[in-house]
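Asks: Provided below for reference: sequence and predicted model.
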Amino acid sequence: MEVVASPFVVPETEAWAEAARAGILLFKRCLDCGEPHYYPRPFCPFCFSEHTEFVAASGTGSIYSYSITRVGGEPYAIAYVTLDEGPTLMTNIVETPFESIKIGATVSVVFRESPLGIPAPMFRVDGAPPA
Amino acid sequence: MSIRNKAFIAGAFEHPVRKADGISLAALHADVARGAIADAGITRDLVDGYFYAGDAPGFGAFSMPEYLGLKIRHFDGTDVGGSSYIAHVAHAAEAIAAGKCSVALISMAGRPRAAKTPPDVELAFLNNPAIPEVASELPFRQNVVNSYAMCAMRHMYEFGTTSEQLAWVKVAASHHAAHNPRAMLRNVVTVDDVLASPMIADPLHRLDCCVVSDGGGAVIVVSPEIARSLARPQIAIRGAGEAVKGLAGGRVDITSSAGVASGATAFAEAGVRPADIKYASVYDSFTITVVVQLEDLGFCAKGAGGRFVSDGNLIAGVGTLPVNTDGGGLCNNHPANRGGMTKIVEAVRQLRGEANQGVQVPSCDLALVHGTGGSLGARHASATLILERV
């Protein structure tokens, strides 16, 4: 498949975009302080070390917050999901009835085409929040 | 060095227009500049510093000082969205204290209603691929409402805040707007009215959202020597703070704001406490904005904001902390989707005893102005001012 260059991919995020095309969500971890971060950048935002590595996320996590947008077309769910590995990222919840979208619900990643020309990591709900 | 009492707000003006047909954006800036200059009782030629944000047409300071015929020796185009002008007052005080200027003009204006500019067009510059977070956020269709809505949803989850409590912020604004002949929405509303309005982005209803309006405002900040020479009441800038907050590399916490830091800085500089404040102008893009900021400024404990705003506690003459007595962004106006300037103007009115009949706070000698530019649900800048009538 021919890969079209996206202006939204910069040299420092090429690996992240390439993995997204293969259905894998990458985040970054600092080789000095050990802290994970997202969105990926070529240094650690916590200790400013330049020694960082890309790590493949398990793709599972839980909903930190969400909202259903009900105006301006088909309703959709924007959310923040906290990955099991720690970082929280902005996303959409898809393939899920709105009534099942709750803070704390467990989710797993599904990649969807996006206007950026890079598949975007979205999530579907797998389970209800812990009681 | 502190800016405490080093500069004074001598002039303030709010444009009366709410839909600016038949006038250009530059002319709106000229209107508000003229209004603030007249209010201060000075002449244009005394202005030697100009402060502006992204609403001012032209590249940086190239166009507006020339258009207005200003002869300036200091300029500052800090743009942090709706809170810009609150930061400008502090920056003007810094410049005056440093001798860089002695009469600062801060102007803001906009006409999104008359121009029929959709918000997504107005904010399209934020889709620039050079902005580092864009690739990881743009696909998800964040907008101003659903971003603040996620803040509200998480606040409800963590602290038990309810839609009824949020609605009280709008109820208070509507009680104040009923006294403001220029307010866009002058009808008093109830908690039930807010809850019955259409859901825009859960849990925010239409009446949890501010109005969209045209207009603007301007203020004049002057040195102590000039303030003493003028006939207007002396409104001292007693303390100020500014801060930014974002998604912090994935350590996301959207239930508190940069106001925690900007407020603490301002209170420390002013040497006063939240309990000393007689009136507060608090950015009210949405009802949740007020709840989060009041907590972060220390008017109540974190998580207690919903209870604090309930039962009319923000209504002048009813509650313990009158907030946004002009009706605020929720009912009066929100020019160019940037609410900071009108927050300053209403605080100056309160300190001068010139607020609308029915909402004037008795013996109002200490006021707070606080703004948030950007989104509490993602990244934003906060600016806090503490003003005193001396």
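Replies: Structure received. Residues are numbered from 1 along each chain as shown, chains lettered A, B, ... in the order given.
Asks: quick one: the strands in chain A?
Replies: Here chain A has its strands, by DSSP state E, at A:26-30, A:36-37, A:52-56, A:60-69, A:76-83, A:88-93, A:106-112, A:120-127.
Asks: who wins for proximity to residue B:247 among those?
Replies: strand A:88-93 (7.4 Å; Cβ to Cβ). Glycine gets a C-beta too; all of them are placed from N, C-alpha and C.
Asks: Other residues contacting the closest one?
Replies: Defining contact as Cβ atoms under 8 Å, 6 or more residues apart in numbering or on different chains, one finds that strand A:88-93 is touched by A:38-39, A:63-64, A:66, A:76-83, A:101, A:107, A:112, A:120-125, B:136-137, B:139-142, B:247, B:250-252, B:378.
Asks: Narrow those to just the buried residues.
Replies: Members of the contacts of strand A:88-93 that pass the buried threshold by neighbour count (16 or more other Cβ atoms under 10 Å in any protein chain shown) are listed as A:38-39, A:63-64, A:66, A:76-83, A:101, A:107, A:120-125, B:136-137, B:139-142, B:247, B:250-252, B:378.
Asks: Need the distance between the two termini of stretch B:65-82.
Replies: Terminal residues of stretch B:65-82 lie 21 Å apart, using Cα to Cα, to the nearest Å.
Asks: in chain B, which helix or strand is least confident?
Replies: helix B:119-122 (a mean of 78; mean pLDDT, DSSP states H and E).
Asks: and it, does that touch chain A?
Replies: No. Helix B:119-122 stays clear of chain A (Cβ under 8 Å from any Cβ of the partner chain), getting no nearer than 8.9 Å.
Asks: which helices and strands does that helix pack with?
Replies: Counting contacts by 3 or more Cβ pairs under 8 Å, 6 or more residues apart in numbering or on different chains; DSSP states H and E, helix B:119-122 is packed against no other helix or strand.
Asks: CA atoms of that helix as PDB?
Replies: Extracted C-alpha coordinates of helix B:119-122, given in PDB (Å, rounded to 0.1, in the frame of the first residue of the first chain):
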ATOM      1  CA  PRO B 119     -16.000  29.100  15.500                       C
ATOM      2  CA  ASP B 120     -14.300  26.400  13.600                       C
ATOM      3  CA  VAL B 121     -13.200  28.900  11.000                       C
ATOM      4  CA  GLU B 122     -12.100  31.300  13.700                       C
END
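Asks: So which bits of stretch B:251-271 are buried?
Replies: By neighbour count with 16+ other Cβ under 10 Å, stretch B:251-271 contains the buried residues B:251-252, B:254-267, B:269-270.
Asks: Stretch B:73-91 now?
Replies: Residues of stretch B:73-91 classed as buried by neighbour count (16+ other Cβ under 10 Å): B:74-91.
Asks: Likewise for stretch B:25-33?
Replies: By neighbour count on 16+ other Cβ under 10 Å, the buried set for stretch B:25-33 is B:25-26, B:28-33.
Asks: Could you export these to CSV, including columns for pLDDT?
Replies: Written out in CSV, the entries for the buried residues of stretch B:25-33 read as follows (pLDDT from 0 to 100):
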residue, pLDDT
B:25, 97
B:26, 98
B:28, 98
B:29, 98
B:30, 98
B:31, 98
B:32, 98
B:33, 98
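Asks: Sort out which of those residues are in helices and list them.
Replies: Counting by DSSP state H, the part of the buried residues of stretch B:25-33 found in helices is B:25-26, B:28-33.
Asks: can I get these in a markdown table with distance to chain A?
Replies: Shown next, in a markdown table, are those (distance: Cβ to the nearest Cβ, whole Å):
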| residue | distance to chain A |
| --- | --- |
| B:25 | 26 |
| B:26 | 31 |
| B:28 | 28 |
| B:29 | 31 |
| B:30 | 35 |
| B:31 | 33 |
| B:32 | 32 |
| B:33 | 36 |
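Asks: so of the buried residues of stretch B:251-271, which ones are in helices?
Replies: The helices, defined by DSSP H, take in B:259-267, B:269-270 from the buried residues of stretch B:251-271.
Asks: Now for the residue lying closest to residue A:49 once chain neighbours are set aside, how many residues are close by?
Replies: In this structure, residue A:49 finds its nearest non-sequential neighbour in residue A:32, 4.0 Å apart by Cβ to Cβ, 6 or more residues apart in numbering or on different chains. The burial metric for residue A:32, expressed as a neighbour count using other Cβ atoms under 10 Å in any protein chain shown, is 13.
Asks: Many thanks, we can stop here.
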